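A.B. asks: requesting a structural model of the entry that follows:
(one chain, ligands or ions: 1)
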Amino acid sequence: MDHFAYHAGLLCAEDVPLPDIAASVGTPFYVYSTATLERHFRVMDEALAGLDRLVCFAVKACGNLAVLRALARLGAGMDVVSEGELRRALAVGVPGERIVFAGVGKTRAEMAAALSAGVGQFNVESEQELVALDAVAREMGVRAPVAIRVNPDVDALTHAKISTGKAEDKFGVPIARAPAVYARAAALSGIEVVGVDVHIGSQITALEPFEQAFAKVAGLVETLRADGLTIRRVDLGGGLGIPYVRSNEAPPLPFDYGAVVRRTVGALGATVVVEPGRLIAGNAGLLVAAVIYRKQGEGRDFLIVDAAMNDLIRPAMYDAWHDIVPVVEPGPDAPVAPVDVVGPVCETGDTFARARPLPRLEAGDLVAFRSAGAYGAAMASEYNARPLVPEVLVAGSRFDVVRRRPTYDEMMSRERIPDWLD
Ligand code: LLP
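C.D. replies: Numbers count the residues shown, from 1 in each chain. Below is the predicted model:
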């Protein structure tokens, strides 16, 4: 459930009509709903009720400081994958012990920054990384709390580009090798083994892959404990899919995911860590754009909007479906006709939707791309020298610009022409 709905014929974010935001910040813009972010966090947290748990928001999904702050206020932990994300989590007041540092290629500098911040857990993905982390920790005179990310060789049945738990994927340590890696970790004085970590992919729409992976993790925890190791945390990663409104995917409910967690790892008595990104932010954000032109092509019409693939890359990159809705509510009998919704970037891939049935829209009309709160603004670029889209946060009847649109001068000011080109 989200807090974007038509009121008095206009699509609103909570109590704010989107045209009001458009008039104030221009288009395109991202808008997030605080109430929806909070609701999704609570749904996930409550799905794990009864367990000792830590819900760490995956910052990569939406790293805006205001969004992070809204979640931190509720007690969310954060899953970070770079020093930049670590700094963001710390900047919004998340205590180090509620931060998990994941990622397949942490540098020594990033390890040192995370150790200084006192992060609660490093998810280590290789023996090479383990050795490096041990060395950095010893130099600093501390011990790094470590979970080894295991690769359970489970097919998450999701898009190939966001599947991470199969043997051929670059992530983690093969689960069969894990006991040997743990034995090595236990012998390193800069390492404190605290847990086991797994993450099998993203936008997962079935429970079976989770069930298989978590059951393998539970088996590993028992083996490791029998070997004398203290395993007090089990990190199950993120990945639970969301409904992309009006697409035909029907992901499981968080409540049912929680039942799988309880059934598989609940009896271990460990703290359960989860790292949801999309589940919390995905349906808490929209990308709002204006139609620039309506153009008749050969046998099809194009709606050219002022947002493009650089602003929301998911359709181009993953063939992702985003529901597209007019901001002015169409009448119940308004005729719909198929139209290709495209951006201005010079690539055919800059196509948001093909033959999408939509009511007739004309230049100047506003449209909203739904389910764009996760991996939308976070993956945006300045391709075609287009400014990064501003982000707006709504709470009730208030809204504030939480990242403004840069000026062209600001964008160019990061670059310089060497003297020798004078
Ligand atoms: N934990 C780890 C270790 C991850 O790699 C990810 C996502 C998450 C948690 C959060 O997963 P989520 O709950 O959001 O599914 N850009 C792609 C998604 C990439 C996901 C990468 N890892 C997209 O737009 O679909």
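
A.B. asks: can you count the residues close to the nearest residue to P95 once chain neighbours are set aside?
C.D. replies: Counting by CB to CB, 6 or more residues apart in numbering, P95 lies nearest to G118, which is 7.9 Å off, once chain neighbours are set aside. For every residue, glycine as well, the C-beta is placed using N, CA and C. Other residues near G118 come to 13 when the count uses other CB atoms under 10 Å.

A.B. asks: ok, the one 4 residues further on next?
C.D. replies: When neighbours are counted by other CB under 10 Å, F122 registers 28.

A.B. asks: what is the helix or strand where it lies packed up against?
C.D. replies: Secondary structure assignment for F122, by DSSP states H and E: strand 121-124. With contacts taken as 3 or more CB pairs under 8 Å, 6 or more residues apart in numbering; DSSP states H and E, strand 121-124 sits against strand 99-101, helix 127-140, strand 144-151, strand 191-197, strand 233-235.

A.B. asks: list the neighbouring strands of that strand plus their orientation.
C.D. replies: If you go by DSSP bridges, strand 121-124 pairs up with strand 99-101 (parallel), strand 144-151 (parallel).

A.B. asks: quick one: the helix or strand following the shortest one to chain centroid distance?
C.D. replies: Put plainly, it is strand 99-101. Scanning forward in sequence from strand 99-101 by DSSP H and E, the next helix or strand is helix 108-117. Relative to the mean C-alpha coordinate of its chain, helix 108-117 is positioned 23 Å out (CA atoms, centre = their mean, to the nearest Å).

A.B. asks: next one: stretch 262-281
C.D. replies: 16 Å.

A.B. asks: centroid-nearest residue for this protein?
C.D. replies: A61 (2.1 Å; CA atoms, centre = their mean).

A.B. asks: surely that one meets N283?
C.D. replies: No - look at A61 against N283 with CB atoms under 8 Å: they stay out of range, at 11.6 Å.

A.B. asks: follow-up on the earlier one: of the helices and strands packed on strand 121-124, which is nearest G172?
C.D. replies: strand 144-151 (3.6 Å; CB to CB).

A.B. asks: and the closest one with the ligand, contact?
C.D. replies: No - judged by CB under 6 Å from any ligand atom, strand 144-151 and the ligand are separated, with a smallest distance of 7.5 Å.

A.B. asks: so which elements touch the helix or strand just after that strand?
C.D. replies: Using DSSP H and E, the helix or strand that follows strand 144-151 towards the C-terminus is strand 173-174. Applying 3+ CB pairs under 8 Å, 6+ apart, one finds that strand 173-174 makes contact with strand 144-151.

A.B. asks: what angle do the strand it packs on and strand 191-197 make?
C.D. replies: 40 degrees (axes from the mean of the first three to the mean of the last three CA atoms, to 10 degrees).

A.B. asks: report the angle between strand 144-151 and helix 127-140.
C.D. replies: Going by the same axes, to 10 degrees, strand 144-151 makes 170 degrees with helix 127-140.

A.B. asks: and the average pLDDT for strand 144-151 is what?
C.D. replies: What strand 144-151 shows for mean pLDDT is 97.

A.B. asks: before we move on, what about stretch 323-334?
C.D. replies: 96.

A.B. asks: make residue 1 into 42 and carry on from there
C.D. replies: In the new numbering, first residue 42, that becomes stretch 364-375.

A.B. asks: compute the first-to-last residue distance for that stretch.
C.D. replies: From its first residue to its last, stretch 364-375 covers 18 Å (CA to CA, to the nearest Å).

A.B. asks: buried ones in that stretch?
C.D. replies: When neighbours are counted by 16 or more other CB atoms under 10 Å, the buried residues of stretch 364-375 are found to be D364, I365, V366, P367, V368, V369, E370, P371.

A.B. asks: off-centre distance for it?
C.D. replies: From the chain centre to the centre of stretch 364-375 is a distance of 28 Å (CA atoms, centre = their mean).

A.B. asks: likewise for stretch 437-450?
C.D. replies: Centroid displacement of stretch 437-450 relative to its chain, using CA atoms, centre = their mean, is 21 Å.

A.B. asks: only alpha carbons, please: show it as PDB.
C.D. replies: Output of stretch 437-450 as PDB, limited to C-alpha atoms (Å, rounded to 0.1, in the frame of the first residue of the first chain):
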ATOM      1  CA  GLY A 437       1.200  15.100   5.100                       C
ATOM      2  CA  SER A 438       0.500  18.500   3.500                       C
ATOM      3  CA  ARG A 439       4.200  19.500   3.600                       C
ATOM      4  CA  PHE A 440       6.800  19.100   1.000                       C
ATOM      5  CA  ASP A 441      10.500  20.000   0.800                       C
ATOM      6  CA  VAL A 442      13.100  19.800  -1.900                       C
ATOM      7  CA  VAL A 443      15.600  17.300  -0.400                       C
ATOM      8  CA  ARG A 444      18.000  17.500  -3.400                       C
ATOM      9  CA  ARG A 445      17.800  20.400  -5.700                       C
ATOM     10  CA  ARG A 446      18.400  20.400  -9.400                       C
ATOM     11  CA  PRO A 447      22.000  21.500 -10.100                       C
ATOM     12  CA  THR A 448      22.600  24.400 -12.400                       C
ATOM     13  CA  TYR A 449      24.400  23.900 -15.600                       C
ATOM     14  CA  ASP A 450      27.200  26.000 -14.300                       C
END
